[in-house]
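Student: got a sequence here, can you build the structure:
(2 chains)
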Amino acid sequence: MASENMESLVNRRYEHGFVTDIETETFPPGLDEGVVRAISARKNEPKFMLEWRLQAYRQWLEMREPTWAHVHYPQIKFNEISYFAAPKSDDDRPKSLDEVDPKLLETYEKLGIPLHERARLAGVAVDAVFDSVSVATTFKEKLYEAGVIFCPFSEAVREHPELIKKYLGSVVPRRDNFYAALNSAVFSDGSFVYIPKGVRCPMELSTYFRINAANTGQFERTLIIADEGSHVSYLEGCTAPMRDENQLHAAVVELVALEDAEIKYSTVQNWYPGDENGVGGIYNFVTKRGDCRGANSKISWTQVETGSAITWKYPSCILRGANSVGEFYSVAVVNNMQQADTGTKMIHIGPNTRSTIVSKGISAGKAQNVYRGLVRIMPQAHGARNHTQCDSLLIGSECGAHTFPYMEIKNPSAKVEHEATTSKISADQLFYCRQRGLSEEDAVNMIVNGFCKEVFKELPMEFAVEAQALLNVSLEGAVG
Amino acid sequence: MKQQLLSIAGVRDAVLQLPDDALTPMREAALAHLDEHGLPTVRNEDWKYTDLGPAIDISNRWLAAGARLDVGGDMDAAIAAITATIDANWLVIANGRIDDSRTTSINGLEFSRFSERPTPFDMNRPLANLNAALLRDGLRIQLSAATEKPLGLLIIDSADEEDGVSQASIEIDVAPGCDAEIIEYQASVGDGNHYANSIVTLHIGRSASTNYVRIQKRARSHVQTGRISATLDADSKLRMASYDMGGGLIRNDVDIDMSEPGADVIFSGLYIAGDGQHIDNHTKVDHRVGPTTSSQEYRGILNGNCRCVWNGKAIVHKGANGTDASQANHNLLLSDKAEIDTKPELEIYADDVKCSHGTTVGQLDAAALFYLRTRGLDKRRATEILTHAFAVDIVDRAPVAAARDAIATMVESRLADLVQDVAL
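Tutor: Just a heads-up that it's a prediction; the model follows:
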């Protein structure tokens, strides 16, 4: 059935696979206490931060790499990774956007990030993280007027140490898991957001991550605190150049929602997935967790995962506050040799807590897609509700779709429902669309978009468009 | 908390006590396997929710006391009562010993012992090593024609002051085209501590069909680990239902392997757990080729301080196109001390498949309860009626007609007992 058109699409390459040739300062590969101290020193960090990192490093040494995920990859050699790469030396850090290396801006331009003028038009404040360092934060002043703090993590460590001390590691403790411990020891930057009491953040906040330098790992750390009654929507996007070797990305994201606060966290992840033979690509081992600490708070995760050779992430919600709400909407697309083991955890602790999980997995080529989720209702979570729906779509006979949902219920008043289906795009569906005049690829795109609609509608507008386009690119060549 | 380890030296002594016969090499191989791999622990994903600690404690005490098979009292009365309730050709394995008086072959039903013709034993199944090491003898059953009465397998154990441990291993071969009906009944006598470990291996020939019922009515002081491994040939059918009504710590494993097209399995289960009970049902269905179909539904009713586990796994192997697999698990929690851990898993490596699973956990519908109370029923009776309504679907699915009435009676009385502590 493959038309010529389809074939050309099959052969289309990863669009963001360019390398930007700019001066970077990279630490030699390897990890020991000296590297941790050097990272901390380069960042001019206060002593408490260095201590925190060193403790994390010592804890990491005692931990073992997890092997339970349904993914297969050669063992990672942690001593061959460089743990710090910065586009510029810290002394001549850009003071404003005008001072940012034009080549860097060009990179973001290529990526289509609304960093400069386009940012103003789009009304999106962007913190761009290039390799491990935050390069620019737009709209800082405007946000400052509203009382919102949105800055690179390293700046927050220096300027808001009281907030960092109070919240860092309070959702994802240092020794939470192997990769979280590693991140805690060597994270080099990331974004920090604080929304004060009663403030509705005037614009959507956004971070773009890009791994550029070779042989580096990216370890960024995001901390978002929504104080009482506040509201924030945060977007995260990721790309990387094409390289033959695998690169490690081990980020930690911590969200804290206090009473009546709401955090909406959206991710479009498009790291380099490796080529069709599974060579290269990013290992995306990320710990994301939100803590609904206050009553009536809400945390909503939306993710569109199309990239990475291996994805291993479970954005979770700890529903501690009474009546708090957790949501997880996910589209995970894998093609060729990609492997994804992703899902969520909803831990119901407070009374009348509610959670919704909608997961859509699409597998094509020889890829493996796993939904792994946990819903735990603690004994004191009276009246807790959960509804989980996870659907898988298979395109091609060599891919796999797997579901491992865990439900642990310790309260009789809880209502927990789980449903899942697995199917393929049927010949009937395709035929119907074709006879309405749609080309085969349009038909597949339409069916897939329909399959994912429930998730896309949760994304902010600009992202929804991007996500749909990404999905179409990811699946090209999958049918035929 | 570190899990108690099984005393391998104790097992070695116990193996030496068994008669030196054709099974000795198997026992020694199993002992070596046990020494190397041990028993599954909660670190093992499949045993995450079930700690075999109590089974190990009982075993160690039993081994230390000399590993006698004939602990406990007289079981004759209990055996007579059970075999009179359900009309079947009953075989009895009491405290791990096969009752010779009942294994006379009749037309369509032939018996032999493992010791007469030892065959390789798959040690990789969890607890198979323990089973093989301490097995006195296994029973092989060949079903070649439909019999008038179903085949009954009674696995019964007794323990009083002394702890007891027993192994049962049964291989059943259903000949091509044959229709078989089998009832497995696991029961206890006495209130001492006992650990019973059983393995049933079932092979269903081409175009054959098997209806299988499992009834578990053990004492609270008993631990049971029971496994059924079924292999289905082309166009064969398996209909199965299991009923867990007693036991302290119960772990049931059902493994179904479909490696030829046309195989079809429908099975269901009911577990009713009260104070102090832990009932774990693990099922695994391998669809190795297509078209094959499997459908399972388990229901649980939990009251008091208890924990139940259900883990259903369906694996659709590469190329098994035309597979249809469905899983359902529904649970009623009646107490705030009850816990259910449920996990429906699908692993799919083929695309032309229809797979689904559904799970629910909830409580009794307040409106339905209220309705019954307006009709003058007290809360306990209303709860009993509603839980019975929830259970009865699975009771009606008992594929062996001869056992259905007995199961219905057992479920009714178990539920009446279960709701005793519902406050009026």
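Student: what about the helices in the chain?
Tutor: Reading this off chain A. A:4-10, A:33-42, A:47-62, A:102-111, A:117-122, A:140-146, A:153-159, A:161-167, A:178-186, A:427-435, A:440-456, A:461-475 (DSSP state H).
Student: oops, wrong one, chain B.
Tutor: In chain B, the helices defined using DSSP H lie at B:8-17, B:24-37, B:53-64, B:76-85, B:128-134, B:366-374, B:379-396, B:401-418.
Student: now for the helices of chain A, which one comes closest to chain B?
Tutor: Chain B lies closest, by CB to the nearest CB, to one member of the helices of chain A: helix A:427-435, at 9.9 Å. To be clear about C-beta, it is placed using only N, CA and C from the backbone, and glycine gets the same treatment.
Student: what residues are up against A:Lys415?
Tutor: A:384-386, B:360-363 (CB atoms under 8 Å, 6 or more residues apart in numbering or on different chains).
Student: can you tell me which of the residues you listed are in strands?
Tutor: Among those, DSSP state E puts A:385-386, B:360-362 in strands.
Student: so B:Glu45 is in contact with A:Ala69, correct?
Tutor: No: counting by CB atoms under 8 Å, B:Glu45 does not reach A:Ala69; the two are 11.4 Å apart.
Student: so between these two, which is more surrounded?
Tutor: A:Ala69 (19 against 11; other CB atoms under 10 Å in any protein chain shown).
Student: pretty sure the more buried one sits against A:Lys313.
Tutor: No: A:Ala69 is beyond contact range of A:Lys313, at 10.1 Å (criterion: CB under 8 Å).
Student: kindly report the residues of the stretch 251-400 of chain A close to chain B.
Tutor: The stretch 251-400 of chain A comes close to chain B at residues A:379, A:392, A:394-400, as judged by CB under 8 Å from any CB of the partner chain.
Student: could you list the low-pLDDT ranges of the stretch 201-350 of chain A?
Tutor: Along the stretch 201-350 of chain A, segments meeting pLDDT under 70 span A:209-217, A:238-245.
Student: neighbouring strands of the worst-scoring helix or strand of chain B on mean pLDDT in the sheet, and parallel or not?
Tutor: One helix or strand of chain B scores below all others by mean pLDDT, DSSP states H and E: strand B:353-362, with a mean of 89. Strand pairing for strand B:353-362, determined by DSSP bridges: strand A:415-424 (antiparallel), strand B:323-333 (parallel).
Student: using PDB, write out every CA atom in stretch B:73-88.
Tutor: Extracted C-alpha coordinates of stretch B:73-88, given in PDB (Å, rounded to 0.1, in the frame of the first residue of the first chain):
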ATOM      1  CA  GLY B  73      -5.700 -36.400  63.600                       C
ATOM      2  CA  ASP B  74      -8.100 -38.600  61.800                       C
ATOM      3  CA  MET B  75      -9.400 -37.400  58.500                       C
ATOM      4  CA  ASP B  76     -11.800 -40.200  57.600                       C
ATOM      5  CA  ALA B  77     -14.900 -38.400  58.800                       C
ATOM      6  CA  ALA B  78     -14.000 -35.200  57.000                       C
ATOM      7  CA  ILE B  79     -13.200 -37.100  53.800                       C
ATOM      8  CA  ALA B  80     -16.500 -39.000  54.000                       C
ATOM      9  CA  ALA B  81     -18.500 -35.800  54.500                       C
ATOM     10  CA  ILE B  82     -16.900 -34.000  51.500                       C
ATOM     11  CA  THR B  83     -17.100 -36.900  49.100                       C
ATOM     12  CA  ALA B  84     -20.800 -37.300  50.100                       C
ATOM     13  CA  THR B  85     -21.600 -33.700  49.300                       C
ATOM     14  CA  ILE B  86     -20.500 -33.800  45.700                       C
ATOM     15  CA  ASP B  87     -21.100 -36.900  43.500                       C
ATOM     16  CA  ALA B  88     -17.800 -37.600  41.800                       C
END
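Student: most proximal residue of the stretch 51-200 of chain B with respect to chain A?
Tutor: In the stretch 51-200 of chain B, the residue that lies nearest chain A is B:Asp51 (15.1 Å; CB to the nearest CB).
Student: quick check: pLDDT value at the residue nearest to that residue when sequence neighbours are not counted.
Tutor: Spatial nearest neighbour of B:Asp51, excluding adjacent residues (CB to CB, 6 or more residues apart in numbering or on different chains): B:Val42 at 5.3 Å. At B:Val42, the pLDDT value in this model is 90.
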